[in-house]
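Asker: All I have is the shape, not the residue letters:
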């Protein structure tokens with residue numbers, strides 16, 4: 001596929017992509033569960049068989065990105081290796097074996113007049129996914145859309161262009177073998193940003209939902225300009241709160257994993273809050289573990305007094321998604337103070353509490369309005385694969401329809417099906 005060269009070509013090419021996606025979506029909406037399963041398992045096998053080709057394509061992307069001087073966090077998101085390809089393959093296999101959501105009866109009831117009403121899952125239609133550096137989004141989005149009966153238009157960033165093409169080729173193998181339209185998965189054949197603009201307009205009504213995956217600038221643009229519904233989160237300002245009954249043997253490894261496992265993912269912890277009653281016993285061991293792994297500490301006045309290597313946190317730090325080995329740390333007077341801090345600064349993505357007090361857990365869960373809440377577990381579990389979804393098309397932090405990891409069920413809507421015996425309304 002060659003890149004389109006002019007604005008006129010982009011507009012007409014994108015319009016054709018939209019029409020083809022709509023036609024494919026109509027076919028996929030009624031495809032059998034067996035056909036979709038075959039498509040996904042075949043695609044998984046193709047990715048496994050062609051991993052050398054995918055890795056070679058990824059090397060091209062990494063070399064080009066390195067010349068641009070991109071950040072280490074960005075480079076980590078872009079990089080594929082055997083382990084990540086293994087995860088991609090397993091993700092497709094998991095999605096293939098999930099129950100088919102299309103046609104599932106969510107609820108049903110009878111009315112006094114004899115009408116039988118059922119609420120039934122149906123595909124959304126055509127999903128537009130606009131993403132930047134993560135090539136695995138190509139596989140996740142393609143697989144989840146196939147399973148949920150949706151067509152998908154993928155617009156990857158220039159940094160992952162070659163990797164995404166290699167992965168899409170494998171997905172198309174699956175669709176072809178299963179007898180499903182290959183237009184159900186289309187990768188935009190240009191890195192020109194004008195293509196994004198065309199998608200945000202909705203491609204003449206042919207895109208039903210947009211899902212952005214990328215940095216704050218991309219997501220903000222999508223939310224500002226999109227003329228169709230958007231599933232998105234603007235940023236992941238993620239908190240961990242160490243309560244006064246926290247078990248230190250849990251707190252240290254959980255915080256270390258939440259911050260340092262992969263610093264560039266949206267579920268990485270950015271702010272650590274510590275109850276004043278456990279500062280003397282818990283703060284230094286946690287900080288020491290982070291510093292040993294190369295994490296920079298930015299603390300409030302209480303932290304600065306106890307941790308010599310800490311830098312002074314500014315107001316901006318509490319608002320920052322670092323995507324790097326940096327964490328802001330604050331001592332709080334109470335659980336209520338921790339909740340107040342989180343509600344003020346959170347992006348409503350993911351928050352965790354470390355405590356042995358179940359009452360504190362319930363208060364934390366009930367009073368914090370974020371999409372994902374955890375107790376005694378790393379925030380890096382904020383991932384559709386870890387939820388058993390096989391993968392995710394993104395994390396949604398809004399309150400309408402989809403929230404948290406957007407998996408197969410979240411890519412469906414529903415309709416009402418009413419069966420009667422000749423009833424008329426008086």
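Answerer: Good, I have the coordinates. Just so we're clear, the structure is a prediction, and the values are computed from it rather than from any experiment.
Asker: list the buried ones in stretch 36-53?
Answerer: Neighbour-count burial for stretch 36-53, with 16 or more other CB atoms under 10 Å as criterion, is recorded at 36-48, 50-51. (Each C-beta comes from the backbone N, C-alpha and C, glycine too.)
Asker: ditto for stretch 399-408
Answerer: Those buried within stretch 399-408 under the rule 16+ other CB under 10 Å are 402, 403, 404, 405, 406, 407, 408.
Asker: and that stretch, what's its mean pLDDT?
Answerer: The average pLDDT within stretch 399-408 is 84.
Asker: so how far does it reach from one end to the other?
Answerer: Start-to-end span of stretch 399-408 (CA to CA, to the nearest Å) is 18 Å.
Asker: for stretch 226-240, same thing?
Answerer: 33 Å.
Asker: Give me the below-cutoff pLDDT ranges for the chain.
Answerer: 1-8 (pLDDT under 70).
Asker: Kindly state the domain boundaries assigned to it.
Answerer: The record, using automatic domain parsing to delimit domains, assigns the chain the ranges 7-231+406-418, 238-381.
Asker: So what's the residue count around the nearest residue to residue 33 once chain neighbours are set aside?
Answerer: Leaving aside its chain neighbours, residue 33 sits nearest to residue 100 (3.9 Å; criterion: CB to CB, 6 or more residues apart in numbering). For residue 100, the neighbour count with other CB atoms under 10 Å is 17.
Asker: With the one 4 residues further on instead?
Answerer: Counted with other CB under 10 Å, residues neighbouring residue 104 total 14.
Asker: number of nearby residues for the closest residue to residue 164 other than its chain neighbours?
Answerer: In space, and not counting its chain neighbours, residue 164 is closest to residue 156: 4.1 Å by CB to CB, 6+ apart. Neighbour count for residue 156, taken as other CB under 10 Å: 29.
Asker: For residue 156, give me its contacts.
Answerer: Residues in contact with residue 156 (CB atoms under 8 Å, 6 or more residues apart in numbering) are 131, 132, 135, 137, 138, 164, 187, 188.
Asker: quick one: the fourth one from residue 159, how far?
Answerer: This points to residue 137. Going from residue 137 to residue 159 by CB to CB, to the nearest Å gives 12 Å.
Asker: Then the second one?
Answerer: Plainly put, residue 132 is 7 Å away from residue 159 if you go by CB to CB.
Asker: ok, and what's touching the helix or strand hosting residue 169?
Answerer: Counting by DSSP states H and E, the secondary-structure element that holds residue 169 is helix 161-177. With CB under 8 Å, 6+ apart as the test, helix 161-177 has contacts from 1, 38-44, 46-47, 50, 53-54, 56-58, 60-61, 78, 80, 88, 135, 138-139, 142-143, 146, 154, 156, 181-182, 184-185, 187, 191.
Asker: In helices, which of those fall?
Answerer: 38-44, 46-47, 53-54, 56-58, 60-61, 78, 88, 138-139, 142-143, 146 (DSSP state H).
Asker: if you go through the stretch 201-350 of the chain in chain order, where are the strands?
Answerer: 209-213, 238-242, 269-275, 296-299, 311-312, 326-332, 350-354 (DSSP state E, counting those that start in this stretch).
Asker: possible to save the ones you listed as TSV with mean neighbour count and distance to residue 388?
Answerer: Shown next, in TSV, are the strands of the stretch 201-350 of the chain (neighbours: other CB atoms under 10 Å; distance: least, CB to CB, whole Å):
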stretch	mean neighbour count	distance to residue 388
strand 209-213	25	20
strand 238-242	28	21
strand 269-275	27	22
strand 296-299	21	34
strand 311-312	13	40
strand 326-332	24	29
strand 350-354	29	17
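Asker: Switch the ones you listed over to a markdown table; also include distance to residue 339.
Answerer: A markdown table is the format used below for the strands of the stretch 201-350 of the chain (distance: least, CB to CB, whole Å):
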| stretch | distance to residue 339 |
| --- | --- |
| strand 209-213 | 29 |
| strand 238-242 | 8 |
| strand 269-275 | 10 |
| strand 296-299 | 20 |
| strand 311-312 | 24 |
| strand 326-332 | 9 |
| strand 350-354 | 9 |
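Asker: can you tell which of the ones you listed is closest to residue 13?
Answerer: Comparison of these against residue 13 by CB to CB identifies strand 209-213 as nearest, at 18.2 Å.
Asker: Now do the closest one against helix 136-147: the angle between them, please.
Answerer: 160 degrees (axes from the mean of the first three to the mean of the last three CA atoms, to 10 degrees).
Asker: now for strand 209-213, which elements pack on it?
Answerer: strand 126-131, helix 216-225 (3 or more CB pairs under 8 Å, 6 or more residues apart in numbering; DSSP states H and E).
Asker: redo that, cut-off 10 Å
Answerer: strand 126-131, helix 136-147, strand 151-155, helix 194-201, helix 216-225, strand 395-396 (3 or more CB pairs under 10 Å, 6 or more residues apart in numbering; DSSP states H and E).
Asker: Could you dump these into JSON lines and include mean neighbour count and distance to residue 288?
Answerer: Formatted as JSON lines, the helices and strands packed on strand 209-213 follow (neighbours: other CB under 10 Å; distance: least, CB to CB, whole Å):
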{"stretch": "strand 126-131", "mean neighbour count": "28", "distance to residue 288": "37"}
{"stretch": "helix 136-147", "mean neighbour count": "28", "distance to residue 288": "33"}
{"stretch": "strand 151-155", "mean neighbour count": "27", "distance to residue 288": "44"}
{"stretch": "helix 194-201", "mean neighbour count": "21", "distance to residue 288": "45"}
{"stretch": "helix 216-225", "mean neighbour count": "15", "distance to residue 288": "32"}
{"stretch": "strand 395-396", "mean neighbour count": "24", "distance to residue 288": "31"}
